[in-house]
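Trainee: Sequence first, then the predicted structure, then my questions.
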Amino acid sequence: MRAGIIGVTGYGGLELFRLLTAHPEIKEVFLYSSSKQGQLLSDEAPHLLGINENKLRSFEQLETDELDVLFCSAPSGVSSELLPPLLDRKMRVIDLAGDFRLKEADTYRKWYGKKPPNTSFVNKAVYGLSEWNKKEIKEAALIANPGCYPTAALLGILPLVKTKLINPKTLIIDAKSGLSGAGASPQKASHFTKANDSLSVYKMNKHQHIPEIEQTLKTLADTEVNITFTTHLVPMTRGIMATMYAELADDIQSHTVSEIFNESYKSKPFVRVFKENTDLFTKQVYGSNYCDLTFAIDERTNRITVVSVIDNLIKGAAGQAVQNMNIMVGLNESEGLQQSPLFP
Ligand SMILES: NC(=O)C1=CN([C@@H]2O[C@H](COP(=O)(O)OP(=O)(O)OC[C@H]3O[C@@H](n4cnc5c(N)ncnc54)[C@H](OP(=O)(O)O)[C@@H]3O)[C@@H](O)[C@H]2O)C=CC1
Ligand SMILES: CC(=O)N[C@@H](CCC(=O)OP(=O)(O)O)C(=O)O
């Protein structure tokens, strides 16, 4: 198969490049850039010197019949302009940005502050939460790859919301991300002197992933709810930890919660359910497509705490995108994604 990557010089794009060039079924990867056409990828990413010496192509050089699948890893607002003509030419696309995730145009306008994409393409897009939407992903021509925070949060909370083990109205998601979550271009909040040795909170009650999580709880767990979701920046390169709190429905014992988690993920190669009260850390999934989960029940408050960790650039972006490609083209979903986490 031949794959293309738009936005390959960014953090998500570089991870796509790394995964796709090691993928056993991918014979060639074409690289597209909006700003560095004609340069080598290694000019921008010196760690790739000698590994890929192909020139970055312009979008005008993108021939749909050359590619079996195209990944778009550009900032939000770009893919809604760039992708429709390619989709019209029957290109199979996996988009890593938020453009095609939210079904309501007004919701996209409100939370992203941008012009929403054409409704007909939004309607065609399938939400690529691999473990929960496999049937639809298999049939999709356009996949809206989930956001990094929603991936971590939803994998942790969906089993409990779906089985009504918690009261969803009491759900609070407290999430922390490494700096690569903010992308490669310099930003104030991730500037070394501000981020180092410090912890910051941002976009309180305004984060664009709030409607994405709410929409998915509605579509995949038939639960309409407004959530409380807070994001923090942690001075580490990669990783997300989502810590989620909710009131338990009456008299739920921990063995029931364990059973639900184990049952939900028993045949899912990338979700690892740890036993109750395990101390998790983001580095245990670093560089891998795993999402690790644990929980603890507080009998004094009748609340449950669920903890989920992922690598934002892999399970939260490029890894899940490759997993979705595998599902879409009928390969084993683990193909090319079986690397162990990098530790220490
Ligand atoms: N970082 C993360 O953890 C996650 C990111 N995402 C989403 O994935 C997408 C990529 O994120 P990330 O890699 O972090 O971002 P980066 O800022 O690191 O990279 C984005 C890349 O997009 C390209 N680009 C910029 N402007 C345009 C444009 N106008 N037209 C076409 N291409 C453009 C640039 O490459 P060039 O100049 O070479 O074209 C740039 O390197 C974003 O939508 C982000 O929200 C989703 C999940 C997790
Ligand atoms: C640490 C950090 O800044 N993370 C980014 C994640 C961006 C992202 O993934 O954006 P979309 O999913 O909306 O495309 C943020 O919180 O906005």
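Mentor: Ah, there it is. Ligands and ions are numbered 1, 2, ... in the order given.
Trainee: Residue 68: how many residues sit nearby?
Mentor: When neighbours are defined as other Cβ atoms under 10 Å, residue 68 has 18 of them. (C-beta placed from N, C-alpha, C; glycine too.)
Trainee: now the one 5 residues further on
Mentor: Other residues near residue 73 come to 28 when the count uses other Cβ under 10 Å.
Trainee: Next, it: phi, psi?
Mentor: phi -120, psi 60 (degrees, to the nearest 10).
Trainee: What's the separation between it and residue 138?
Mentor: 22 Å (Cβ to Cβ, to the nearest Å).
Trainee: Dump stretch 33-44 to CSV, restricted to CA.
Mentor: What follows is stretch 33-44, C-alpha atoms only, in CSV (Å, rounded to 0.1, in the frame of the first residue of the first chain):
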residue,chain,number,x,y,z
SER,A,33,4.2,20.2,3.0
SER,A,34,2.4,23.5,2.8
SER,A,35,5.6,25.5,3.5
LYS,A,36,8.7,23.4,2.8
GLN,A,37,8.1,21.9,-0.6
GLY,A,38,11.3,20.8,-2.3
GLN,A,39,13.2,20.5,1.0
LEU,A,40,14.2,17.1,2.5
LEU,A,41,12.3,16.0,5.6
SER,A,42,15.6,15.7,7.3
ASP,A,43,16.3,19.4,6.8
GLU,A,44,13.4,20.0,9.1
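Trainee: is it anywhere near ligand 1?
Mentor: Yes: between stretch 33-44 and ligand 1, judged by Cβ under 6 Å from any ligand atom, the touching residues are 33, 34, 35, 36.
Trainee: now, which of the residues you listed sits nearest residue 112?
Mentor: residue 34 (19.2 Å; Cβ to Cβ).
Trainee: and the longest helix for this structure?
Mentor: Secondary structure of the chain read by DSSP state H shows that its longest helix is helix 148-162.
Trainee: Can you get me a residue count around the nearest residue to residue 68 once chain neighbours are set aside?
Mentor: Distance criterion Cβ to Cβ, 6 or more residues apart in numbering; nearest residue to residue 68, sequence neighbours excluded, is residue 1 at 4.4 Å. For residue 1, the neighbour count with other Cβ under 10 Å is 15.
Trainee: measure residue 1 to ligand 1 for me?
Mentor: In this view, residue 1 and ligand 1 are 22 Å apart by Cβ to the nearest ligand atom, to the nearest Å.
Trainee: can you give me the helices in the protein?
Mentor: So, for the chain - with DSSP H - the helices run 11-21, 41-44, 79-88, 105-112, 119-124, 134-139, 148-162, 192-195, 209-221, 254-265, 319-329.
Trainee: How about the residues of the stretch 101-250 of the chain by ligand 2?
Mentor: So far as Cβ under 6 Å from any ligand atom goes, the stretch 101-250 of the chain lies against ligand 2 at 147, 148, 177, 181, 182, 208, 231, 233.
Trainee: Filter those residues down to the buried ones.
Mentor: 147, 148, 177, 181, 182, 208, 231, 233 (16 or more other Cβ atoms under 10 Å).
Trainee: Touching, the third one and residue 312? I think so.
Mentor: Yes: in terms of Cβ atoms under 8 Å, residue 177 counts as a neighbour of residue 312; the distance is 5.9 Å.
Trainee: Give me the common contacts of these two.
Mentor: With contacts taken as Cβ atoms under 8 Å, 6 or more residues apart in numbering, residue 177 and residue 312 have 148, 239, 240 as neighbours in common.
Trainee: filter these down to the ones near ligand 1?
Mentor: When these are checked against ligand 1 using Cβ under 6 Å from any ligand atom, the ones in range are residue 148.
Trainee: which of the shared contacts of residue 177 and residue 312 lies closest to ligand 1?
Mentor: Proximity of the shared contacts of residue 177 and residue 312 to ligand 1 (Cβ to the nearest ligand atom) peaks at residue 148, which lies at 3.6 Å.
Trainee: Surely that closest one touches residue 318?
Mentor: No: in this structure, residue 148 is not within contact of residue 318 by Cβ under 8 Å, at 10.6 Å.
Trainee: Can you report how many residues neighbour the residue lying closest to residue 334 once chain neighbours are set aside?
Mentor: Leaving aside its chain neighbours, residue 334 sits nearest to residue 269 (4.9 Å; criterion: Cβ to Cβ, 6+ apart). A count of neighbours around residue 269, defined by other Cβ under 10 Å, yields 16.
Trainee: Model confidence score at residue 253, please.
Mentor: The score at residue 253 is 94. That number is its pLDDT.
Trainee: on that earlier part again, same for the longest helix of the chain, what does it pack against?
Mentor: strand 166-177, helix 209-221, strand 228-233, strand 240-248, helix 254-265, strand 291-298, strand 303-310 (3 or more Cβ pairs under 8 Å, 6 or more residues apart in numbering; DSSP states H and E).
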